[in-house]
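Novice: Dropping a prediction and its sequence here:
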Amino acid sequence: MQVPAQVEYEKAASVEHALALLARYGPEARVLAGGHSLIPMMKLRLAQPETLVDINGLTELSYLRVADGELRIGALTRHAELLGSAQAGEHFAILHDAEKVIADPVVRNWGTIGGSLCQADPSEDLSAAFAALKAAMVIRGPDGTRTVPAREFHTAPYETVVAPGELLTEIGIPIRPGGGSAYEKVGRRVGDWPVGAAGAALWLAGDTITDAGIGLAAVGARNFAAAEAEDFLRGAAASEENFARAGQIAAEHCRPVSDQRGPAAYKRHLAAELTVRALRRAADRVRHEGA
Amino acid sequence: MQITVTVNEAAYTREVEPRLLLIHFLRDDLGLTGSHWGCDTSNCGACVVWLDETPVKSCTVLAAMADGHRVRTVEGMGMPGRLDPVQEGFSRCHGLQCGFCTPGMMLTARWLLDHNPDPTPGEIREALSGQVCRCTGYENIVRSVQWAAQYEAAGRDGGPSGGGPGETGHGPTATGVTG
Amino acid sequence: MTGRPYRSAYGPAQRKEDARFIRGRGTFVDDVQLPGMLHGAILRSPLAHARILSVDPAAAEAHPKVKAVITGETLAARNLAWMPTLSQDVQAVLATDKVRFQGQEVAFVVAEDRYSARDALELINVEYEPLPPVIDAERALDPGAAVIRDDIAGKADNHLFDWAAGDQAATDAAFAGADVVVTQDMLYPRVHPAPLETCGAIADLDEISGKLTMWSTSQAPHAHRTLYSLFLGLPEHKIRVISPDIGGGFGNKAPVYPGYICAIVGSMVTGRPVKWMEDRSENLMSTAFARDYHMHGEIAATRDGTILALRVKALADHGAFNGAAQPTKFPAGFFGMFSGSYDLRAAHCQVTGVYTNKAPGGVAYSCSFRITEAVYLVERMVDLLAGELDMDPAQLRLKNLLRPEQFPHTTPTGWEYDSGDYARTLRVALDAVGYPALRKEQAERRGRGELMGIGISFFTEAVGAGPRKHMDILGLGMADGADLRVHPTGKAVLAVSCQTQGQGHETTFAQIVAEELGLSVDDVEVVHGDTDRTPFGLGTYGSRSTPVSGAAAAVVARKVRERARLVAAAMLEASADDLEWTGGRWQVRGDPAQGKTLAEIAMAAHSSLDLPEGVIGHLDADTVYNPPNLTYPYGAYICVVDVDPGTGVVQVRRFMAVDDCGVRINPMIVEGQIHGGLADGLGMALMQAITFDSDGNCLGGSFMDYLLPTSVECPSWELAETVTPCPHHPIGAKGVGESATVGSPAAVVNAVMDALRPYGVRHADMPLTPANVWSAIQGTPVRTDLAFNGWDGRAGTNECT
């Protein structure tokens, strides 16, 4: 088995302490949460931080609660905890759909939501799910707290707006009535990164779509979102025909790359197909309230 | 750096490099070679142990992260002279062939039964989906877990358990001509 | 002595080896720690094809924890830079002139611990001059292709061998006279056995005694010992190879790898034990791969569905060195078995081997020496013929399967099948799976636009290599030995030359001896895997343990039993001819009161009893078993799949496997072997492939991309059996270890192709990933051996975005 290069290690006792450590050790320090994105990269020596700041003791960052009309997820929440949270599943079925197909049950025990988001892999399922939900990321730094919309969180593959001295602390999702959501993914095998994936969130008034959110992973969608398809759906009827058109628009605006998972044409097809399926299921869930 | 990890209820204090992986700490520093490793990318699950109360892939955890925590390995399954029903089930139902994936499979199965005492075959397969076996094709692993579940259910119901786990410490014996 | 109830020792006995494994007390190579042990790591080439300009180990040697750095130059000075392969080629131990595949071994570091060894690799400076890589096997023989093996004097191309079998004239005639000819290209992609434990070794050369002890993941410890002796010039009686517990072999652990040699040299140079354990990427990128056969198949038949002949041309991609492990006279292994289970008039095949800039290997992964390729070919062709004739594939097979009265049957390519009742086995499978109901369901679902497929595979295997006259590996005949000792208290110790990697030999071989000698299985200890303690043999692969070593065990036990007869006669004061073996003991015919158990006889043999002629004071015996023929297990497999037309995702709903491996010693273990092989087949059919991009980068170097099936993809395997004993094997057993891996891929692929019939899809290559299935549905199937990116015009679309 491959092993990491030499690294220094500090254990943070509080969020303030973590920020102080990050300030002290500078840009070559990395935050260590579950480690299930970072440690594999370190073993392959694709990442060689000088210092690790272990935040696993910061239990104050591990929570799932509803407050002020939002579902708030602490960044240190483990994937398994999100999957196991009835509250999260009730409000946003898309999160459970996505968690079920992220990695495997044992990895989900230790990997964290914050860690996955900050790893910023272009195939990260949660990035697409949070984009569909138009979540907001709360970032703490030495100068205070700022909030960044999910769709502005990623700047490039493996890069986010979280600066070296900052810590992602929370993801907040506004809860609005009349909504339903779903996630659809195709992988080559259970636990695989997506070949293509789509998440949809719909709010209906009667049969009219009052708002739509579509998130896409692994197909080169800008900011993990299908904004043009959403614009098309807003105000339209929640019909098969409109879903199909939305899927086409989503596919037109993404930029998939051919690789060993599949040719670009197939991924583009999946962008459309899975968007349609996610929209269909999201609409069903609105109509049947959580079916 | 110095770490203290409680493994199978015994505390061990050792000097380690921060980069030392938990699997290597267990195997090489503590001599607990029952947990194995089989890949570089956290896929195969041969390294699964419990960290506090949760199965984790110990190849993807630093020993430093286990400082002050509890670890359970296959060597900590069952009691002296008495196998855990999961261990017994794996032998009775031929849930192992080469034995390399077995410790990890059994630890995850143990956790599953602790939280879901009557799992369906689908739930068993889902729980083990992050761990690879190259020998068994998984069928007998599922049966092994079901055997353990039934054995424990019978025990809970107070009914006869019919052939309990080996109590001699020598393990299950082969049938055949008996003298 | 009172009679006691006699039970056969054959049956589903719980395994003796489980006791240590369920407690985590196995001893795998990496578990072994020796005093003073050092750790080795290999520096590997990042390029697929390049000249080596310089190798500078100075910075690595200066690392405080490094004890030695060994380069190709170091080895060349000892004449060890090149080693013989199992196919009479040579392979670089550490590269000297060129590197010829990505991942090839370039230098070896020995350090105090594995982390330092890994760090030190980065301190070795190698300068390369890149050369054009030859990756596409179908282009390897193009004029002007870069020559890979310029280390071979006079080599001017990448051609490796040509081999043919069968009667070309008769085959051509059959084709010429046929009503129907179906042709299809098909690829069996490069795959890798990927046992869960990677390969490794600890070399411990004792400077004083000169004894080398090699702990290693070896499926053939004795063969390795002989090879080390011949190659390194060490006296063979001073080499001990120990294969302790092995975490899966599947043919991956048959060859001698450069890392083993480096570990030995490391021990020579440092005077301390040196452990080398490869990581997973090394395992996938540099050790024995499997398959990579590009086949062009043709099948000829009459209009009413009588199959006349088969013709195959195959291109075999052997990688940069010919490291395929198979009997010497068979450069394409047993591919000649491609005529399959059918009564053909004629058959002919021609195989051309080529070199490419990839890792060496070819024969591995439960292939029974290329029978996986052969069975895949014939079973796909038969299904394609069924499609062409619009005939049910089960009916087509029943019409053409060899009939029991035709056995022993010599095939058009010269193989003598021992026994079989093929149609019966297929019918058992069809009944058990409920075939007519499935076809009805398929029709209904097709009406609704749903894709459901049913695929059949009927295979005949040839295992248990093999008769010494015909089969040797590197000149070592493929016979196996067995030694049986019976202690005075009647406990027995069987030492066999085969060696287990999970097949349960400690139990099944004990069952064989227990059955022959009326002992309890607990009273028989099986010793294996240590060349100091076991007789010579060629090892465990090709499903040969039961057919060869198992036969040896039965034969030696019978020898012991015959000696016991003589002693019993002396004890009972009867004539040996008046004794019969019944109820697990020797007794006077018709007089149960006058009998002796083996334990009683053993004690007597060691006592002062006046021993008869032919017994020297104990019952011990040994034997070497030279099999008269291979054995021919067979089976009928039926797979049911559902395919999502919108995404191409395939789900295997059911898999029915009916195997006939002759007599089954331990049905539980036999079934376990089958379950494992079925998972292999599903994996290869749907997700496993080692692919390369046009620069020669290996894209299957980790389990993130070389995907293995999990408990979720595998259905609950349904098994049944027929038993047609092997006429020439002492117990009538045939062996089964590879049957399921051989037979299952075609069943899955046939099922998926059946599901896709409404789209007019005839064939698509493995692995049938969602992208590949979808591409096939669009009418643009892809070449699955090549990556999707950067490949000009070959693969599916390469959209620029």
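Specialist: Received, thanks.

Novice: Tell me if I am right that residue A:42 is in a helix.
Specialist: Yes: counting by DSSP: H, G, I helix; E, B strand; the rest coil, residue A:42 falls inside a helix.

Novice: Look up how far residue A:52 lies from it.
Specialist: 9 Å (C-beta to C-beta, to the nearest Å). C-beta coordinates here come from the backbone N, C-alpha and C atoms, glycine included.

Novice: ditto for residue B:51
Specialist: The value you get for residue B:51 to residue A:52, if C-beta to C-beta is used, is 17 Å.

Novice: Residue A:42 and residue A:52: which is more packed in?
Specialist: Set side by side, residue A:42 and residue A:52 show more neighbours around residue A:52, with 27 against 24, by other C-beta atoms under 10 Å in any protein chain shown.

Novice: In a helix, the more buried one, correct?
Specialist: No: the assignment for residue A:52 (three-state DSSP) gives strand, which keeps it out of a helix.

Novice: Please look at it and residue B:17 and confirm they touch.
Specialist: No: look at residue A:52 against residue B:17 with C-beta atoms under 8 Å: they stay out of range, at 11.9 Å.

Novice: So is the top helix by length along chain B next to chain C?
Specialist: Ranked by residue count and defined by DSSP state H, the top helix of chain B is helix B:139-156. Yes: counting by C-beta under 8 Å from any C-beta of the partner chain, chain C is contacted by helix B:139-156 at B:139-142.

Novice: List the buried residues in that helix.
Specialist: Residues B:139-149, B:151-152 are the ones in helix B:139-156 that count as buried (16 or more other C-beta atoms under 10 Å in any protein chain shown).

Novice: Mind putting these into TSV with pLDDT?
Specialist: Formatted as TSV, these follow (pLDDT from 0 to 100):
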residue	pLDDT
B:139	98
B:140	98
B:141	98
B:142	98
B:143	98
B:144	98
B:145	98
B:146	98
B:147	98
B:148	98
B:149	98
B:151	97
B:152	97
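
Novice: ok, so of those, who is nearest chain A?
Specialist: residue B:145 (13.9 Å; C-beta to the nearest C-beta).

Novice: show me what contacts the closest one?
Specialist: Counting by C-beta atoms under 8 Å, 6 or more residues apart in numbering or on different chains, residue B:145 touches B:86, B:89, B:95, B:109, B:112-113, B:119, B:124.

Novice: Which single residue of chain B ends up nearest chain C?
Specialist: residue B:34 (2.0 Å).

Novice: Residue C:767 contacts residue C:685, correct?
Specialist: Yes: between residue C:767 and residue C:685 there is a contact at 6.6 Å, judged by C-beta under 8 Å.

Novice: Give me the nearest residue to residue A:5, chain neighbours excluded.
Specialist: Spatial nearest neighbour of residue A:5, excluding adjacent residues (C-beta to C-beta, 6 or more residues apart in numbering or on different chains): residue A:48 at 5.0 Å.

Novice: do the same with residue C:787
Specialist: residue C:693 (4.4 Å).

Novice: Which pLDDT value goes with that neighbour?
Specialist: Predicted confidence (pLDDT) for residue C:693: 92.

Novice: Likewise for residue C:325?
Specialist: 84.

Novice: count of neighbours near the closest residue to it other than its chain neighbours?
Specialist: Leaving aside its sequence neighbours, residue C:325 sits nearest to residue C:86 (C-beta to C-beta, 6+ apart; 4.4 Å). If you count neighbours by other C-beta under 10 Å, residue C:86 ends up with 25.

Novice: And residue C:86, how far from chain B?
Specialist: Distance, residue C:86 to chain B, using C-beta to the nearest C-beta, to the nearest Å: 23 Å.

Novice: got a list of what the nearest residue to residue B:77 once chain neighbours are set aside touches?
Specialist: Nearest non-adjacent residue to residue B:77, counting by C-beta to C-beta, 6+ apart: residue B:84, 4.5 Å away. Applying C-beta under 8 Å, 6+ apart to residue B:84 gives the contacts B:77-78, B:106, B:110, B:148, B:165.

Novice: picking up where we left off before, export the buried residues of helix B:139-156 to a markdown table and append columns for distance to residue A:286.
Specialist: Shown next, in a markdown table, are the buried residues of helix B:139-156 (distance: C-beta to C-beta, whole Å):
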| residue | distance to residue A:286 |
| --- | --- |
| B:139 | 41 |
| B:140 | 44 |
| B:141 | 40 |
| B:142 | 37 |
| B:143 | 42 |
| B:144 | 43 |
| B:145 | 38 |
| B:146 | 39 |
| B:147 | 44 |
| B:148 | 42 |
| B:149 | 38 |
| B:151 | 45 |
| B:152 | 42 |
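
Novice: For the chain, give me the ranges with low pLDDT.
Specialist: I'll assume chain A. Along chain A, the model assigns pLDDT under 70 to residues A:289-291.

Novice: other chain: chain C
Specialist: Ranges of chain C meeting pLDDT under 70: C:1-5, C:788-801.

Novice: OK, now which residue of it is nearest to chain A?
Specialist: residue C:771 (3.0 Å).

Novice: which SS state does that residue fall under?
Specialist: helix.

Novice: Pull up the gap between it and chain B, please.
Specialist: For residue C:771, the distance to chain B - C-beta to the nearest C-beta - is 20 Å.

Novice: picking that back up, among the residues of helix B:139-156 next to chain C, which one lies nearest to residue B:42?
Specialist: Taking C-beta to C-beta as the measure, residue B:42 lies nearest residue B:141 of the residues of helix B:139-156 next to chain C, at 20.3 Å.

Novice: Hmm, residue B:133 and the closest one touching each other?
Specialist: Yes: assessed by C-beta under 8 Å, residue B:141 is found in contact with residue B:133 at 6.5 Å.

Novice: where do the contact lists of these two overlap?
Specialist: Joint contacts of residue B:141 and residue B:133 (C-beta under 8 Å, 6+ apart) are B:105, C:711.
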